[in-house]
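can you look at this prediction? I've put the sequence above it.
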Amino acid sequence: MESQVMTNPEDISKLYRELSLFPSLTRADVGPVITSQYGGKYSNIYTEWSQRDLERNENVKFCRQYIVFHDDKSVVYSGPSGNCTEIKGELLSKDSPSGDMKAVVRESIIKGEDKQFLEIWSKNIKVKSINLTALKKHGKVYEDDQFGCLVWSHSETHLLYVAERKRLKAESFFQVWPSKHTLKGEQFVFYEDWGETLVSKSSPVLCVLDIEGSNVSVLEGVPDNISPGQAFWAPSDTGVVFVGWWHEPFRLGLKYSPNRRSSLFYVDLTGGQCEQLSSGSSAVCSPKLSPDQCRIIYLECAVYGPHQQCSRLCMYDWYTKRTSVVVDVVKRPREDGFAGIYSSSLSPLCWSADSQRILVSCPQGSRKDLLLVETTTGSVTSLTSKSPGGSWSLLTIERNLMVVSWSSPNCPPSLRVGFLPLGGSREEVDWVVLEDSQTQPDIDWQILNFTPPPEQDNSQYHLYLGETSPWSLLCLSLSGGPHSVIVADWLLSSSVLCRMGFAILLVNYRGSIGYGQDSILSLPGNVGTQDVKDVQFAVESVLRGGAFDEQKVAVAGGSHGGFVACHLIGQYPEFYKACVARNPVINLASMIGSTDIPDWYTLLSLYHCFSVPCVCVLTVTMYVTVVTIQVKTPVLLTLGEDDKRVPPKQGIEYYRALKALQVPVRLLWYPGNNHSLSKVDAESDGFMNIALWMTQHLSL
Ligand SMILES: CSCC[C@H](NC=O)C(=O)N[C@@H](CO)C(=O)O
């Protein structure tokens, strides 16, 4: 079992540089149908991509357009129309429904100050450029996926977007010549925000630009105790529909947490009346209006409890005002393989042209599939389960032309289009590749299923899966969350490690999403045991196959995956020869006072969100301390200074404990980085250190 692993830093960085060139797809829009002079019909497809630029130390965004000739049922001819163009300074952009105009929210630094503009483009002219910063109607425009939007009215006369509420200037009590319209003594008042990645986003407001008059107004009527976002124009532009998240008792982190109490609202433009359209006792997100403007589809899940869980697909009928559940929570995967809907966002356009069907891309076990839902019957069929394994992500669907991104562990993202078969048809989709990508040599992968031994069975659920590429050294990577999932898609770090000669086992322990709601509910109360034992069982099962050296196993995980990694080296002290933990959860008791999602403890230890630490939490904490004492494995910690989710003090606590125990430990501290450590320099430096830590401690 002789291993040939790359150990030279020069070679590893060269490989990283090579594989980091593959871009990922972030957006696609289908333009209107145009009839050529010869009678052929075509549409332009606009795509946006993101790529790491190691020289400039940033993720660059670029666009490329394609032309697709079709007969409304199938693609006749397709190809790129021109080269790529880098996009700079655009925070948001959107073509008008007719395709005649384009709106852009642009950020520009003028004389050292950040300014925001709202631009309207028509043909080859920028017809308007409105200085939003100078107008002072509101604060910064929201560009995030949580609240942000830029939406044309159906009439194409108005634009809707979300921005921070205008804040009056605050002045000291001792200001000798107070200015008008200032708030005295409010200089040091604390403003809550919406947590990780939404720092300084506190009180969003809905804003409307009247294009003709260049007039911006902030919509009135939205209750003060909710934050609006994900807005769009109601049928006939009579008002605006939006999701509102309640502030009470205080703002909890929203990132990776679609379980926050929220509802659908409608605010009328004439009277400013606000109406609640959904129950108010659940969490909703991602409302999308049907092409016939009659129905709104949205996702709903229970409030609190697991942060990510199986969603309901709900539908609100605009005219009857009735809500129906189209697809309910799925407890266990059905015989046909459908395991439920696990998503916190539907794609920007997701309706079929007949306003009868919905497309959802979401994890189904370890793969991400494209599901077709009939809204009248609730029937769900997979459009991709028979296609090559990997991950299918819907970018958009317009007039039944679907645009998707496909990738797998050995193939970077490629761009594909295909027509949705007509309702009732059993035809397979004929996918046409618009932008191909190369399958990487020397990387192979497969999905493995394991059943835990009877003593580790959990009567609530008993199945989990892992993925591995068969090489001679084993390195584990663990999903975080704990309610998230690793699907079989392209992952830069795993592909570089594979090309270096490592085998990667990516483990989805019981509690991961994509395997039914029962799997998710089986973990709360059992963290540190069920997840840890599942991973250990998966590793030992793979090792029993004899393809790997038992003395050369490393473990890596981030966040809750870091918590599991630290437990593994504590509970199995001789087993792992190297450990890497990104922003790991270490001390549950100190987490509650510092994370942006303290309610997390409800699911971990049945600890109530707003009471004081109870015996459960303290017991778990002591358990962590006990397992730490046994650690022998060298640990590399990578911490983000600005992490609001798992504050870096958690990792520092662990660092100090390991130092005291004289266990080799190295701590990497990344300023300006949050929980994901995804800035280009942090990610690349982190990767190099991880690769070298493993090669060093596996003695390669
Ligand atoms: C109190 S933090 C819990 C861990 C964290 N959960 C949600 O943010 C986590 O594990 N995050 C994952 C993503 O879900 C990660 O990889 O960062």
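Arrived safely.

quick one: low-confidence parts of the protein?
Along the chain, the model assigns pLDDT under 70 to residues 1-3, 459-473, 601-626.

buried residues in the longest helix along it?
Longest helix of the chain, by residue count under DSSP state H: helix 680-697. The neighbour-count check on helix 680-697 (16 or more other Cβ atoms under 10 Å) flags 680, 682-684, 686-687, 690-691, 693-695, 697 as buried. Bear in mind the C-beta positions are built from the backbone N, C-alpha and C, glycine included.

show me what contacts the residue nearest the centre of the chain?
Nearest to the geometric centre of the chain sits Y256, at 6.9 Å (Cα atoms, centre = their mean). Shown in contact with Y256 (Cβ atoms under 8 Å, 6 or more residues apart in numbering): 196, 307-308, 344, 481, 484, 645.

just the C-alpha atoms of the longest helix of the chain, please, in PDB.
Taking Å, rounded to 0.1, in the frame of the first residue of the first chain, the C-alpha atoms of helix 680-697 are listed here in PDB:
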ATOM      1  CA  VAL A 680      -9.600  34.300  -1.600                       C
ATOM      2  CA  ASP A 681      -6.400  34.700   0.500                       C
ATOM      3  CA  ALA A 682      -7.800  33.000   3.600                       C
ATOM      4  CA  GLU A 683      -9.200  30.100   1.600                       C
ATOM      5  CA  SER A 684      -6.000  29.500  -0.400                       C
ATOM      6  CA  ASP A 685      -3.700  30.000   2.600                       C
ATOM      7  CA  GLY A 686      -5.900  27.800   4.700                       C
ATOM      8  CA  PHE A 687      -5.800  25.100   2.100                       C
ATOM      9  CA  MET A 688      -2.000  25.100   1.800                       C
ATOM     10  CA  ASN A 689      -1.600  24.900   5.600                       C
ATOM     11  CA  ILE A 690      -4.200  22.100   5.800                       C
ATOM     12  CA  ALA A 691      -2.500  20.100   3.000                       C
ATOM     13  CA  LEU A 692       1.000  20.600   4.600                       C
ATOM     14  CA  TRP A 693      -0.300  19.800   8.100                       C
ATOM     15  CA  MET A 694      -1.700  16.500   6.800                       C
ATOM     16  CA  THR A 695       1.400  15.500   4.800                       C
ATOM     17  CA  GLN A 696       3.600  16.400   7.800                       C
ATOM     18  CA  HIS A 697       1.600  14.500  10.400                       C
END
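
out of the contacts of Y256, who's near the ligand?
307, 481, 484, 645 (Cβ under 6 Å from any ligand atom).

a markdown table please, covering those residues and showing distance to S385.
What follows is those, written out as a markdown table (distance: Cβ to Cβ, whole Å):
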| residue | distance to S385 |
| --- | --- |
| H307 | 27 |
| G481 | 24 |
| S484 | 21 |
| R645 | 33 |
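
between those, which sits nearest L372?
The closest of those to L372 turns out to be S484 (Cβ to Cβ; 24.4 Å).

I'd say the closest one and Y342 touch.
No. Counting by Cβ atoms under 8 Å, S484 stays clear of Y342, with 9.3 Å between them.

which SS state does the residue of the stretch 101-250 of the chain found nearest the ligand fall under?
Closest approach of the stretch 101-250 of the chain to the ligand (Cβ to the nearest ligand atom) occurs at E196, with a separation of 7.0 Å. Counting by DSSP: H, G, I helix; E, B strand; the rest coil, the backbone at E196 sits in coil.

so what's it up against?
253, 255-256, 596, 643-645, 674-675.

separation between D518 and G365?
As for D518, its distance to G365 is 14 Å (criterion: Cβ to Cβ, to the nearest Å).

just the buried members of the contacts of Y256?
Buried among the contacts of Y256 (16+ other Cβ under 10 Å): 196, 307-308, 344, 481, 484, 645.

got a markdown table for those residues, with distance to L372 and secondary structure too?
As requested, the buried ones among the contacts of Y256 are exported to a markdown table (distance: Cβ to Cβ, whole Å; DSSP: H, G, I helix; E, B strand; the rest coil):
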| residue | distance to L372 | secondary structure |
| --- | --- | --- |
| E196 | 33 | coil |
| H307 | 27 | coil |
| Q308 | 23 | coil |
| S344 | 20 | coil |
| G481 | 27 | coil |
| S484 | 24 | coil |
| R645 | 34 | coil |
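
show me the strands in the stretch 501-650 of the chain, by range?
Listed in chain order, the strands of the stretch 501-650 of the chain (DSSP state E, counting those that start in this stretch) span 503-508, 553-558, 578-582, 635-640.

near the ligand, which residues of the protein?
256, 307, 480-481, 484, 558-561, 585, 591, 595, 597, 600, 645-646, 675.

pull the number of nearby residues for the residue in the stretch 351-500 of the chain that the ligand sits nearest to.
The ligand sits closest to G480 of the stretch 351-500 of the chain, with a gap of 2.8 Å, by Cβ to the nearest ligand atom. By other Cβ atoms under 10 Å, the residues close to G480 number 25.

that one is in what secondary structure piece?
Using DSSP states H and E, G480 maps to neither a helix nor a strand.

OK, contacts around it?
Counting by Cβ under 8 Å, 6+ apart, G480 makes contact with 557-562.

let's see 7 Å
Contact analysis of G480 by Cβ atoms under 7 Å, 6 or more residues apart in numbering lists 557-561.

can you redo those as a markdown table with distance to S262?
Formatted as a markdown table, these follow (distance: Cβ to Cβ, whole Å):
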| residue | distance to S262 |
| --- | --- |
| G557 | 30 |
| G558 | 27 |
| S559 | 24 |
| H560 | 24 |
| G561 | 27 |
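
so which of these comes closest to Q530?
Looking across the contacts of G480 and measuring by Cβ to Cβ, the closest to Q530 is H560, at 12.5 Å.

quick one: buried residues of stretch 103-111?
103-107.

what does that stretch rub up against?
Contacts for stretch 103-111 (Cβ under 7 Å, 6+ apart): 89-94, 114-121, 141, 150, 152, 159, 161.

again, but for stretch 293-304
235, 241, 258-259, 261, 264, 281-289, 309, 311-319, 343, 346, 355, 358, 599, 602, 609.

take those residues and keep only those in strands.
Residues of the contacts of stretch 293-304 located in strands (DSSP state E): 241, 264, 283-289, 312-317, 358.

now, among these, which is nearest to E55?
S286 (36.6 Å).

how about Y572, nearest residue that isn't a chain neighbour?
With Cβ to Cβ, 6 or more residues apart in numbering as the criterion, Y572 has its nearest non-adjacent residue at 6.2 Å, and that residue is Q536.

my guess is the one you found contacts H567. True?
No. The pair Q536 / H567 is not scored as a contact, 9.6 Å apart, by Cβ atoms under 7 Å.

residue in the stretch 551-700 of the chain nearest to the ligand?
For the stretch 551-700 of the chain, Cβ to the nearest ligand atom, closest residue to the ligand: S559, 3.0 Å.

do the same with the stretch 151-300 of the chain
For the stretch 151-300 of the chain, Cβ to the nearest ligand atom, closest residue to the ligand: Y256, 4.0 Å.

now do the helices in the stretch 551-700 of the chain.
Taking DSSP state H, counting those that start in this stretch as the test, the helices found in the stretch 551-700 of the chain are 560-571, 588-591, 600-605, 615-629, 649-660, 680-697.

and if you look at the stretch 51-200 of the chain?
132-135.

which residues in it form strands?
For the stretch 51-200 of the chain, the strands defined by DSSP E, counting those that start in this stretch cover 58-70, 75-80, 85-87, 90-95, 101-110, 113-122, 125-131, 150-152, 158-164, 169-171, 182-184.

so which of those is the most packed in?
Of all the strands of the stretch 51-200 of the chain, strand 158-164 carries the top mean neighbour count, a mean of 23, counting by mean count of other Cβ atoms under 10 Å.
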